[in-house]
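Undergrad: Task: produce atomic coordinates for the following.
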Amino acid sequence: MTTTMIPSTMNTDLQNERRKASLNSEKFAEWWFNGRAELAKKRELESVIFNDAQLNDDIPISYLSYKESYENAMRKSTRLLYLIKKYYRESDSADASTSPSKSTAINKKDNDEKAKWAFLYKLRSMLGGEIGSGILKQGNPIRLHITMFLPTILGQASEEQKLEWMEKCFDLKIIGTYAQTELGHGTFLRGLETRADYDPSTKQFVLNSPTRTSYKWWPGGLGHTVNYTIVMAQMYVDGKSHGIQPFVIQVRDEETHMPLSGIDIGDIGPKMGLKHVNNGYLGFHNVRIPRTNMLMKNCQVLEDGTVRKAKSSVLVYGGMVFVRVVIVRDASFALIMAGTIAARYSAVRRQSPIESNTPEPQVIDHITQQLKVFPQIAKGIVFKLAADYVWDLYQTTMSSLDEGNLNGLAELHLITCGLKAYTSNASRKGVEILRLACGGHGYMESANFVSIYGTAAASCTYEGETTVMWLQTARYLMKAWGAVIKGEKLAPSVSYLKYAHRETEFKGFTPNQWSVIRALQFTAGNLIKSAYETLEKTKENIESYEVAKNLTGLRLVKAAELHTAAFLADVAFRQIKKQLNSIRNSKEVMSALNQMLDLFLVDMFFEYLSDILKYCQLSGQDVDAMEKRLENNLKLIRPNIIALVDGFDLHDRVLDSTLGSYDGNVYERIFDNAKKNPLNQEPVNSSYVHLKAFMKMSPFMKSNL
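TA: Residues are numbered from 1 along each chain as shown. Okay, the predicted model is just below:
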């Protein structure tokens, strides 16, 4: 077999892009990774991971069967986790020898749960993003152990249960997942059918899947990977339901990995994306577990069957809130990956002369191409800022909960529901826009848009389907508007509603960042007001509040979306302005960030222009001015776009794209990938026997045509 030699030189166009840029990619990378030290650690770990021969693939994984893909993913995921674990142990030992206070590993005797949460967040980011996607671009079958199993143990177990479970969970002596969704029920948690009946005579819970639709369906790693899972089930004591509660259940033998008695378990089959996550199904038939396997931080069942519940049932779903925080980060990562590929390819690809009788320009010089690519990269940056903001908020709120303060829980739920819906959906749409921007070659699997899109699309559904998340957000907003009317105190994220309630008109629009934010807030406030008034009016004619809410559903969803858009715009503005005031940051980096913020806000303005015009008094000249601002943004960003995406510091193994490599040798890489195709390893495929026999057959029609 002959293969294409990929040049060791850099593509000339990419070379020129980097040479002419005023933005220093290294300084941008230092900002992106929160400092030079963190960037160095990230690169050091990448060097360990990507130089490990056992993590290489002989042929592209797209040529493997479904079974082969899973087995290959298991081989690599265990090796990846081993290397990460080894790296942190050695790093911790080195730090401890010089300064014990700088230890980075998790001390399991330490009660500092904030450090544990931070470790989980960082580890999940590595496995699902920066490093993990470079090794397992179709997902990691062990990922839910980090994302859901461990966080639920940490957030829902009593102190005694943590002593039993935490060490072996963190050390990965057991591997778990989180089983909530069922074949017949997803986001509607109260509809879950799996039963856990308490038997006081044996001090055990008995779990059953009473119907086919009650089978657990979708949990990552459940198929053949994990040996434990947290199961969300309807708890019954003396025949009385006490709602959904979490239970730790062993599903496979720790030595043989064989399914235990009463357990029906397996893989659900191929999906649109995340093919290696090993999503599974699980059914129970009279499976008995100890009473203490029910996680009892927020609800306790005593030996005699006495039930003691927490103040808020929402506390049971703390693990889901953690995942929604992570999803915002995932949305950012998908956009910067796809954006880097599209930007580099657009700089290399030459096509369609702008003036006749002139050489084909770089596609990126077409302003229409810039409008496809640049706003998606801006969203990726803004979503990262939002993820950082909400992560800090999550940690603060969880700390308050441990102290018995529930005040911030409702607002955290509002923010994470809204951001989960908004960012996952925007990420999915953005990745597709970027794929289309790469023309026909973007359709090839070797471009890697297929895996990026598959992951982004999945996030729109898991841990809360988009529309359901909007309705959850709207529920809080209706209460907030009621509080505005009564003059009650509002949470910070909805405090702008006072402005929308007080002012009857929006005037004085100027084409700047703050005006766009105020216009979005005023529009969101009025949509919330409209939904509230419609809901109240509908309730007058219908006895059922839930029916009235359903009939007002379209208004509620729109109000929730605009509120989240306004919230995102405000958070991005404040976060970047805070960065601009920091003397530690490069002026060039801050200038680039401000340009991307401006583009994000202008792009959002046009996305919601029809809603804005409904409530804000804007003239045709105002809209024209914003169009000129959009064009000017594209012009300002164009010279530095390659330097900016270089600043994301995405290793070629992470991008895994023939179109997006750092050296820009696109066509050589496309051809080299095609040569690795197993179909091309023989001059004539064995299936030719069928084609030959068909061609030797008599013609369809006897008469000459």
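
Undergrad: Point to the helix or strand of the protein where mean pLDDT is at its lowest.
TA: helix 113-125 (a mean of 70; mean pLDDT, DSSP states H and E).

Undergrad: what bits of the stretch 501-650 of the chain have low per-residue confidence?
TA: 581-585 (pLDDT under 70).

Undergrad: now with 80?
TA: Within the stretch 501-650 of the chain, the ranges that satisfy pLDDT under 80 run 543, 579-585.

Undergrad: Helices of that one, residue ranges please.
TA: 513-541, 545-551, 553-580, 587-607, 609-615, 620-637, 641-646 (DSSP state H, counting those that start in this stretch).

Undergrad: In this structure, where's the longest helix?
TA: For the chain, the helix with the greatest residue count under DSSP state H is helix 367-402.

Undergrad: quick one: buried residues of it?
TA: For helix 367-402, a neighbour-count test (16 or more other Cβ atoms under 10 Å) marks 369-391, 393-395, 397-398, 401 as buried. The way it works is simple: take the backbone N, C-alpha and C, and place the C-beta from them, glycine included.

Undergrad: same deal with stretch 348-362?
TA: Under 16+ other Cβ under 10 Å, the buried positions of stretch 348-362 are Val348, Arg349, Gln362.

Undergrad: could I get these as TSV with secondary structure, distance to Ser69 and pLDDT?
TA: Below are those laid out as TSV (DSSP: H, G, I helix; E, B strand; the rest coil; distance: Cβ to Cβ, whole Å; pLDDT from 0 to 100):
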residue	secondary structure	distance to Ser69	pLDDT
Val348	helix	30	97
Arg349	coil	31	96
Gln362	strand	36	95
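
Undergrad: Need those residues in a markdown table (columns: distance to Gln513).
TA: Rendered in a markdown table, the data for the buried residues of stretch 348-362 read as follows (distance: Cβ to Cβ, whole Å):
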| residue | distance to Gln513 |
| --- | --- |
| Val348 | 33 |
| Arg349 | 33 |
| Gln362 | 30 |
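
Undergrad: does Trp481 count as helix, strand or coil?
TA: At Trp481, secondary structure determined by DSSP: H, G, I helix; E, B strand; the rest coil is helix.

Undergrad: how much space between it and Pro259?
TA: Using Cβ to Cβ, to the nearest Å, Trp481 is found at 51 Å from Pro259.

Undergrad: Now do the strand or helix carrying Arg288: which elements does it pack against?
TA: Following DSSP states H and E, one finds Arg288 within strand 287-290. On a contact count with 3 or more Cβ pairs under 8 Å, 6 or more residues apart in numbering; DSSP states H and E, strand 287-290 meets strand 204-208, strand 240-250.

Undergrad: For Ile452, which of the ones you listed is the nearest?
TA: Closest of those to Ile452 is strand 240-250, at 32.2 Å (criterion: Cβ to Cβ).

Undergrad: In that closest one, which residues are buried?
TA: His242, Ile244, Gln245, Pro246, Phe247, Val248, Ile249, Gln250.

Undergrad: Tell me the gap between the next helix or strand after the least confident helix or strand of the chain and the middle of its chain.
TA: Going down the chain from helix 113-125, the next helix or strand is helix 132-135, by DSSP H and E. Offset of helix 132-135 from its chain centre (Cα atoms, centre = their mean, to the nearest Å): 15 Å.

Undergrad: Tell me the helices and strands packed up against helix 132-135.
TA: Partner elements for helix 132-135 (3+ Cβ pairs under 8 Å, 6+ apart): helix 36-50, helix 66-98, helix 652-655.

Undergrad: so the second one versus helix 36-50, what angle?
TA: When you say that, I think you mean helix 66-98. Interaxial angle of helix 66-98 relative to helix 36-50 (axes from the mean of the first three to the mean of the last three Cα atoms, to 10 degrees): 140 degrees.

Undergrad: list the contacts for Gly273?
TA: Gln138, Gly139, Val450, Ser451, Tyr453, Gly454, Thr455, Ala457, Ala458 (Cβ atoms under 8 Å, 6 or more residues apart in numbering).

Undergrad: Setting the sequence-adjacent residues aside, check what's closest to it.
TA: Once flanking residues are discounted, Gly273 sits nearest to Gly454: 1.5 Å by Cβ to Cβ, 6 or more residues apart in numbering.

Undergrad: Please apply the same query to Ala531.
TA: Nearest to Ala531 is Arg555, by Cβ to Cβ, 6+ apart, at 4.0 Å.

Undergrad: Run through the bridge partners of Val248.
TA: In this entry, Val248 is beta-bridged to Ile230, by DSSP bridges.

Undergrad: That one and Met232 touch, don't they?
TA: No. Here Val248 lies out of contact with Met232, judged by Cβ atoms under 8 Å, at a distance of 11.4 Å.

Undergrad: list residues touching both of those two?
TA: Contacts common to Val248 and Met232, judged by Cβ under 8 Å, 6+ apart, are absent.

Undergrad: neighbours around Arg502, how many?
TA: 9 (other Cβ atoms under 10 Å).

Undergrad: Please report the distance of it from Ala491.
TA: Arg502 is 18 Å from Ala491, by Cβ to Cβ.

Undergrad: ok, back up a step: closest one of the buried residues of stretch 348-362 to Gly269?
TA: The nearest one, if we look at the buried residues of stretch 348-362 relative to Gly269 and count by Cβ to Cβ, is Arg349, at 37.0 Å.

Undergrad: I figured that closest one was touching Val666, is that so?
TA: Yes. Using Cβ under 8 Å as the test, Arg349 is close enough to Val666 to be in contact (7.4 Å).

Undergrad: any residues in contact with both of these two?
TA: With Cβ under 8 Å, 6+ apart, Arg349 and Val666 have no common neighbours.

Undergrad: Tell me how this protein divides into domains.
TA: According to automatic domain parsing, the chain comprises the domains 11-51+317-489+510-673, 147-310.

Undergrad: Using a markdown table, lay out those domains together with distance to Asn685.
TA: Output for the domains of the chain, formatted as a markdown table (distance: least, Cβ to Cβ, whole Å):
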| stretch | distance to Asn685 |
| --- | --- |
| domain 11-51+317-489+510-673 | 19 |
| domain 147-310 | 24 |
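
Undergrad: Show me the one of the helices and strands packed on strand 287-290 that comes nearest Leu120.
TA: Judging the helices and strands packed on strand 287-290 by Cβ to Cβ, what sits closest to Leu120 is strand 240-250, at 17.0 Å.

Undergrad: tell me what the closest one is packed against?
TA: So strand 240-250, by 3+ Cβ pairs under 8 Å, 6+ apart, packs with helix 150-156, strand 204-208, strand 228-237, strand 287-290.

Undergrad: Next, the residues that contact it from outside, please.
TA: By Cβ under 8 Å, 6+ apart, strand 240-250 touches 152-153, 156, 165, 176, 189-190, 192, 196, 205, 207, 227-236, 260, 287, 289, 293-295, 299, 307, 309, 313, 316.
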